[in-house]
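J.: Predicted model and sequence below, questions to follow.
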Amino acid sequence: METAPPVPATPAGDDGAATRRTAWADGLDELRAAATTEPGRLRVIGAVLALLVLVFGAVTAWQVSDRAAAADDVVERSQPLSANAAGVYRSLADADTTAAGGFLAGGEESAATRDRYAQDLATAAELLVKASQGTRGPGRAAVQIARLNRGLPQYAGLVETARTNNRQGLPLGGAYLRYANDRMRTDLLPAARALYDAENDRLAADQAAAKSWPWYALAAGALALAALAWAQRRHYRRTNRVFNRGLLAATAASVTVLLWLVAGHAVARAGVSDSSDRGARSLRVLNEARIDSLRSRGDENLTLVARGAVLTGDQKDFYEAAFRSGMTDLAGPGTHGPASPGSRLGTALALADDETGRRAVRDALAHVRQWQARHAEARAADDKGDYDQALAKVVGDDRPTRASFDRVDAALHRALVHEQHDFRSAADIGRAALGGLATGAVALALLGAVGAVLGIGRRLSEYR
């Protein structure tokens, strides 16, 4: 009977699997073996150079696209939302001022006054809808929008009650109007200001994102150029040839992308910075100046509505004290001469960078000084007990403070329109500088990678 041949014993600790090699290990061995020859090393160098150039182009396209999107947001989203938030504040303040002015006219409130009040409320509601549409998820802006949407109908109801009582000659109308003003002053306007601040913070964030340097792209570009320089130096030392056309083309493409990136971003950064340092700051100061004038006008009207019924802690007329505080914020502590440097108009004048902008601010200041002089005449009449004369100097037809306020508001509106145009021009220059850069970087990177491969391929052909 035949027996099977004996099976060789397996060494201790070896199950046979260790002697079997994977395809990955075999590939690594072949790569190491190839790298020990010049053709093998050239293939590795060509692959690495092509990869570095492609990575440079891809990172450039990515970072430039991010900054271009942020620059677009500055112009198309965040700045318009900031302007809308300022419009909400201004419309609410104007509605309150108009309601107080109409109340002073008694039962003879004009149709123009009623229409202006209704238009202010409609404008505020419309701008709140736009602000809500532009708000992304819950946040500071969404909270303030909800707060304004709740408070606006309540305020309108109080004003209508005050008007009804006023038409009937009931003194209770003044109390309702003061209560409506208190709701506006302590609830609606602070909410509108918080909304304005939130949108300005968003604008500042978008501007910062658009201005930030693309450090990853710059580092990738420097690395790609360093590798290309090393490869060409190696080529020269081994062949004594000064130029390799393929590597030279790859270097030229990479240098072009890097210079385009630096120059384009520098121009974009300058444009966005100018829109921020000049346009956005000027717009904010002018919006605040316009709001200060509106609130001062409302306080002036309410001084005559309340007739001393509301006092400060030191027993002074509350609304008259608020008027003077508003004038101080607007033009400084004095009543004559130039605006103080720290006041709204003083700051706006310092920020205006051309004569058109400065002229509008100076016109506003001149009318503020006229307003203060006429207000002093109205207060003198009221202090003497001549309420009718004081009323005529505030809302009458012969050089009233109302006319001065209207001229202040018109001058500030002109300044805002001018600064808005300057802001848009500077921001457009900034975002235009990035136009085509992402696509161009990808195209040049592809050309550079092809050039690197062809350049190395030319050397490889010498070994065949």
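T.: Received, thanks.
J.: contacts for stretch 325-342?
T.: 289, 292-293, 295-296, 299, 343-347, 349-350, 365, 368-369, 372-373, 376 (CB atoms under 8 Å, 6 or more residues apart in numbering). C-beta: built from backbone N, CA, C; applies to glycine.
J.: Name only those of these that count as buried.
T.: Among those, the ones that count as buried by 16 or more other CB atoms under 10 Å are 289, 292-293, 295-296, 299, 343-347, 349, 365, 368-369, 372.
J.: ok, which pair from these is furthest apart?
T.: Checked with CB to CB, those reach their widest spread between Asp299 and Leu349, with 24.2 Å between them.
J.: Quick check: the gap between the residue most central in space within the chain and Val255.
T.: Central residue of the chain (CA atoms, centre = their mean): Leu203, 1.6 Å from the mean position. Note on Leu203: its distance to Val255, by CB to CB, to the nearest Å, is 36 Å.
J.: Ok, Ala249 next?
T.: Per CB to CB, Ala249 is found 11 Å from Val255.
J.: for Val285, same thing?
T.: 44 Å.
J.: More neighbours: which of these two?
T.: More crowded of Val285 and Val255, by other CB atoms under 10 Å: Val285, with 23 against 16.
J.: who does the host helix or strand of the more buried one touch, helix- and strand-wise?
T.: Following DSSP states H and E, the helix or strand that holds Val285 is helix 281-306. For helix 281-306, the elements it packs on are helix 79-104, helix 172-183, helix 189-211, helix 318-331, helix 344-351, helix 355-383, helix 387-395, helix 401-432, judged by 3 or more CB pairs under 8 Å, 6 or more residues apart in numbering; DSSP states H and E.
J.: quick one: the helix or strand just after the last one to chain centroid distance?
T.: So the one you mean is helix 401-432. Sequence order places helix 437-460 as the next helix or strand after helix 401-432, per DSSP H and E. The chain centroid and the centroid of helix 437-460 are separated by 39 Å under CA atoms, centre = their mean, to the nearest Å.
J.: in helix 437-460, what counts as buried?
T.: Those would be 437-438, 440-442, 444-445, 447-456, 459, for helix 437-460 by 16+ other CB under 10 Å.
J.: what do you get for stretch 277-292?
T.: Going by 16+ other CB under 10 Å, stretch 277-292 has these buried residues: 278-292.
J.: Tell me the one among these nearest to Ser78.
T.: When the buried residues of stretch 277-292 are compared for distance to Ser78 (CB to CB), Ala280 wins out at 9.8 Å.
J.: Surely His194 is in contact with Ala142?
T.: For residue 194 the amino acid is Ala, not His. No: counting by CB atoms under 8 Å, Ala194 does not reach Ala142; the two are 11.3 Å apart.
J.: and the helix or strand harbouring Ala231, what other elements does it pack with?
T.: Element membership for Ala231 (DSSP H and E) is helix 215-239. For helix 215-239, the packing partners by 3+ CB pairs under 8 Å, 6+ apart come out as helix 38-73, helix 245-274, helix 437-460.
J.: how many other residues sit next to the closest residue to Gly139 other than its chain neighbours?
T.: Distances taken as CB to CB, 6 or more residues apart in numbering place Ala198 nearest to Gly139, at 7.3 Å, with adjacent residues excluded. By the criterion of other CB under 10 Å, Ala198 has 22 neighbours.
J.: Next, the contact list for Ala198, please.
T.: Ala198 neighbours (CB under 8 Å, 6+ apart): Ala85, Gly139, Arg140, Ala141, Gln144.
J.: Report the buried members of these.
T.: Buried, going by 16+ other CB under 10 Å: Ala85, Ala141, Gln144, out of those.
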